[in-house]
Every structure is written in structure tokens, then in C-alpha cells.
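A.B. asks: Okay, here's the prediction I keep looking at, along with the sequence it came from:
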There are 2 protein chains.
Amino acid sequence: MDPYARLSLNTATTKRLTLIEAVRATQRHGLSHIGLWRDRVAEHGLTQSVGLLLESGLTVTSLCRGGFLTAADPAGQQAALDDNRAAIIEAATLGTSELIMVVGGLPDGDKDLVAARERVAERIAELAPFAAEHGVRLVLEPLHPMYAADRAVISTLGQALDLAAPHPASSVGVVVDTFHVWWDPDLAGQVDRAGREGRIASYQVCDFNLPIAADPLLSRGMMGDGVIDFASISRYVAAAGYTGPVEVEIFNAEIWAADADEVLTTMKQRWLDLVWPSLAGAAG
Amino acid sequence: MDPYARLSLNTATTKRLTLIEAVRATQRHGLSHIGLWRDRVAEHGLTQSVGLLLESGLTVTSLCRGGFLTAADPAGQQAALDDNRAAIIEAATLGTSELIMVVGGLPDGDKDLVAARERVAERIAELAPFAAEHGVRLVLEPLHPMYAADRAVISTLGQALDLAAPHPASSVGVVVDTFHVWWDPDLAGQVDRAGREGRIASYQVCDFNLPIAADPLLSRGMMGDGVIDFASISRYVAAAGYTGPVEVEIFNAEIWAADADEVLTTMKQRWLDLVWPSLAGAAG
């Protein structure tokens, strides 16, 4: 089997590239999957993007991102629903069933995490039927707890699975992103649970760099550059039955400044050394 | 009741002060409790510190810190046991039963979190009987997951309670430190569990400041300056039956640079506004 058959370039890793440049780089490096961000799609135009992707033959593995569901005011809630319905339609149009959801942090001046989490559950319930109608899955992303106040009030895989539980697995799933979940003492158990419940919609890999970057959002690193044990986590994910694509999604100022071909070459090598053996071994 | 009767100054909050200066500041502001760090005690001398504290009439609420138990090599493990036995004796000598344990991160170049956590369990088992003989409790501190690789592989209160479970509650407890646990979706449940299991040995308060400080260890803030909902967490802790002292422990470069009397004045006001009403209300 082609060891790169499941490797997907998330376009956040090559942030400076336009959509067309990212598509060409993905093809040039012999990959068959790509994960998209909405801003680059919007820049190229949705219809033109669909044409480009069809012509390329690449499979779109996910669209980033929906979410930001924590507004406490009716106008903010309506705006979030509108934007997420638009994202669902974009995902379906682009031919991916997986819409990654970064659910948002606390509204300004608000410290009530419990209530914010309840509002996320309410918004997910409002969006799930619309997503299902369009053949799209809302993919809840637990974010590292250092972002609980300002990016996403979903902080653990277990919490994401609890939020998904009231909905069919085909319309609400979860993503296992190594950067966000590597520290979780309950990780093996919750990945297993996610598999049993049929909820693993995506597996995203990148490292957790230390020291934490001055902008903590940019502390994601190339696999092998940080502290994460990719062998163990990949083994959990494979043992849980996940056989889908694996995205490399890195926000990192140095990687963004580097030559994209060098980044993809390194990415493929690290994948081969650190991720693929455990995925393939556990599956085989 | 004196609203400050349970408030304890942890000397880390006034890092520039010597032990004698911190003791005098605590007295000057009418507080009756103080939490100590080993470095300031060592500087003053253990016997002299005992004399100073006896003369002051202050109650020592905890000693910081033991821990750093994750070494994989026999020499490192022996050194950790020796240092922790010394810390246990220091705690007993200073008249506090609570030795706060920051258990340590991954050894250099090691990425196996699961094995590091198992070694912590082994070292705790080796130290608990010695602690019990000296009337000291090993107080396991879950640290925020952003420190899981480099400071403490205990990342949640639930995990700390699982590690404590094989041992008597009188010899292994846990500390609830708002900075480290505020984000936990299972916090209410685990604080309740900690109370039922008789394991709450300390409650420490400080805020989680955003943006995260350039040195993330210094992102602790004065209560009210960050994102934490002290009312809810204090209510959980009171409802769990905790009636002991509450330490304010802040690592923050601006607070360290400020006048200590101003810091203590602000600390008392924030305590009165943000922490004490929920502790008192739930207990009453």
C-alpha cells in the first residue's frame, strides 16, 4: 500500500499559498488528499474551487471551520447559525462530509463556562438536522485547555463525545487532533469510546512545541519537533477502527515562512517515520 | 466570623520578600495563615523559621513543594525519594501536615506520558508510608495541561484522585488550584468526589490571565484579573465540605514587582468580593 495514501495536507500548514498553489503542491508531492480552510476557498471563489478540485482529482478531507457558537445574545446566536449553515453548504458543495467545528470561547466579560457549554449544546441541536440534510457531519473539535476561555469551551475528547451523544453519529462526530489531546490521562479510553460510538470523523496530527510560542496558537509544530508520542496516539486511533485520511495541520510562523516544497518534503518524511508505522501496524 | 479567617498568603505571591518580611506582612494585614515555599525557609534556616513562625502565631497552611518524581533512571529516582523525605520532615517540623506535590514532567527526550505517570504512582506508593509516619499528607497537585510535558504529568483532578485512591486519605490528598482546573468540564463532579473521598487538602486561588504570559508559568493573576469564575468553583469546594484555609498563590512578574502592602490590600479586597461570599454562602 502507498504509505502516503491516507496523508492529507491541511492548507493551514502552507498558509501563504493560495488555494491553487496548495492544490498544485499537494499534487506535486504525490498526495491525493487535501483539507481546506474557508478563507482560501472564498478568495478563489466557491464555484471555481469546486472546478479546481474536480480537475485536480484530489479528495477534500474536511472544511475548516464552522463553530463559534457561544454567543449569549439572540443576534449573535442567529449570526452563528447563519454562518454555520453557509459553511455546511460550502462543505457539501466542495464534496466533503466533514465540517470541523471550533465552538468558540467565552463572550467578552462573561466567565460562566458551564452556561457557554450549554449554549454550544443548544446550537449543535439546531444545526445537526440541517447538516444531516446536506450530508455533512458537524465535527466537534476539543481544543487544548489553554484555549478554553478564548477559542473553544470544548476541552476534552470525552466532553466532545458527550455533546455529540444526543445526535446520530452520521451528523455529529469528533476530531482527534494530537496537539489538543495528547496530555489527556483518559485519552486511550476516550479514543476507544469514540471508535465504538462511530464518531471519529478526522485524525489531525502536529506536534506540541515547547516552550509554548509567544502566540500560543502558533505553538503547533512539525511532528517530531515537540513532545507528542505519535506512536501511542496513532495506535489508539487505529485500534479504534479509524481508517480514514489523516491531516497535517500546523500553525507555526517558521513553517509558514519556509519554502512550501521543503515543508511538504519534511512532512512526508516525519509521517513515514512517526505516524504511519503505528497506524499501519495496529490496522494490520 | 472574620471574613479573612481562612485566607492564607502563599509566599510565592510576595516572591521578593524574605521569610521574615512575608511573616511580618501577613501579620500587618491581620491574617493568621501563611503557606511556605522551601527556598525561603532554607534561606532563613529551618530551626530559625520554626522559631519565627511560633513567635508570630501564624498557622502554616502548606509547604511547597515536594514532587519531581518522574525520573526513569535509578539514581534520579533515589534522589527524588531522598529530597521528598527531606521535604516531609521539613513540613512536619514547620507544623504543617500538607506537602504540596508538583510531580514533574517528562524526562529529557522521553515522550512516554503513560510510563511517566506510572512512575509517579510507584514513587507515591514508596513515599506515602514515610509521610504517614511523620503526620504529613502528600498533596497531589494537578497542573494545567499546558505543563503536562515539562512540569507535572498530573493534568486533572480526576487523575490526581485516581492516583491517591490506593492510599489512606490522611496520607495522600489533592489540592484544588483554580488556575490549573478551571477549564475542566468535569470539575464540579471531581470536586464533589474529592470531598466525598476526604481528599481535599488545600484550596488555592488565583486567576488565569489572558493573553497567556510569555513565560506561561507567570500567567497566574490576581483574582478578578483573568477568566476564572471564582464564585462557581468556590461553591463547589464549599459544597464538597472543605472548611480549611484558602491560599492565594500568584506567580506574576507585575505583582512581584509591586509594593507588597499594595498587593496584600488588593488580595484581601478581591477575596472579599470574589471568593469569600461563595465559600461562606455554600457553607452556611
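C.D. replies: Yep, that arrived. Quantities reported herein were computed from a predicted structural model and do not represent experimental measurements.
A.B. asks: tell me the pLDDT at A:Met1?
C.D. replies: For A:Met1, the pLDDT comes out at 80.
A.B. asks: again with A:Ala282
C.D. replies: 60.
A.B. asks: Repeat that for A:Ala188.
C.D. replies: Note on A:Ala188: pLDDT of 98.
A.B. asks: how much distance is there from the helix or strand containing it to the middle of the chain?
C.D. replies: Per DSSP states H and E, A:Ala188 falls inside helix A:187-196. Relative to the chain's own centre, helix A:187-196 is displaced by 17 Å; criterion: Cα atoms, centre = their mean, to the nearest Å.
A.B. asks: That helix packs against which elements?
C.D. replies: helix A:157-164, strand A:172-177, helix A:230-239 (3 or more Cβ pairs under 8 Å, 6 or more residues apart in numbering or on different chains; DSSP states H and E). Where you see a C-beta, it was placed from the backbone N, CA and C, and this is true even at glycine.
A.B. asks: As CSV, these with mean pLDDT and mean neighbour count would be great.
C.D. replies: As requested, the helices and strands packed on helix A:187-196 are arranged in CSV below (pLDDT from 0 to 100; neighbours: other Cβ atoms under 10 Å in any protein chain shown):
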stretch, mean pLDDT, mean neighbour count
helix A:157-164, 98, 23
strand A:172-177, 98, 27
helix A:230-239, 98, 21
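A.B. asks: Looking at those, which is nearest to B:Ser202?
C.D. replies: The closest of the helices and strands packed on helix A:187-196 to B:Ser202 is helix A:157-164. By Cβ to Cβ, the value is 26.2 Å.
A.B. asks: neighbouring contacts of that closest one?
C.D. replies: By Cβ atoms under 8 Å, 6 or more residues apart in numbering or on different chains, the residues outside helix A:157-164 that reach it are A:117, A:120-121, A:124, A:140-142, A:154, A:172-174, A:176, A:181, A:184, A:186-187, A:190-191, A:193-194, A:197, A:199, B:185-186.
A.B. asks: just to revisit the earlier point, among the helices and strands packed on helix A:187-196, single out whichever gets nearest to A:Ala91.
C.D. replies: Distance to A:Ala91, taken as Cβ to Cβ, is lowest for strand A:172-177 among the helices and strands packed on helix A:187-196, at 12.7 Å.
A.B. asks: Describe which strands that closest one pairs with in its sheet and in which direction.
C.D. replies: Strand pairing for strand A:172-177, determined by DSSP bridges: strand A:137-140 (parallel), strand A:200-205 (parallel).
A.B. asks: can you state the direction angle for that strand and helix A:157-164?
C.D. replies: Interaxial angle, strand A:172-177 versus helix A:157-164 (axes from the mean of the first three to the mean of the last three Cα atoms, to 10 degrees): 160 degrees.
A.B. asks: From the centroid of chain A, which residue is nearest?
C.D. replies: Centroid-nearest residue in chain A, with Cα atoms, centre = their mean: A:Ile100, separated by 5.3 Å.
A.B. asks: Look at that residue and give its secondary structure.
C.D. replies: strand (DSSP: H, G, I helix; E, B strand; the rest coil).
A.B. asks: Contacts only, for it.
C.D. replies: Taking Cβ under 8 Å, 6+ apart, one finds A:62-67, A:139, A:141, A:175, A:202 in contact with A:Ile100.
A.B. asks: So A:Leu279 sits against A:Tyr236, correct?
C.D. replies: No - taking contacts as Cβ atoms under 8 Å, A:Leu279 lies outside contact range of A:Tyr236: 10.4 Å.
A.B. asks: Enumerate the residues of the stretch 51-200 of chain A near chain B.
C.D. replies: Proximity of the stretch 51-200 of chain A to chain B, by Cβ under 8 Å from any Cβ of the partner chain, involves residues A:106, A:111-114, A:117, A:144-146, A:148-150, A:154-156, A:158-159, A:162, A:182-186, A:188.
A.B. asks: Tell me who's in contact with A:Val172.
C.D. replies: By Cβ under 8 Å, 6+ apart, the contact list for A:Val172 reads A:124, A:128, A:131, A:137-138, A:140, A:163-164, A:199.
A.B. asks: mind redoing it with 7 Å?
C.D. replies: A:124, A:128, A:137-138, A:140, A:164 (Cβ atoms under 7 Å, 6 or more residues apart in numbering or on different chains).
A.B. asks: ditto for A:Phe208
C.D. replies: A:179, A:182, A:219, A:221, A:226-228.
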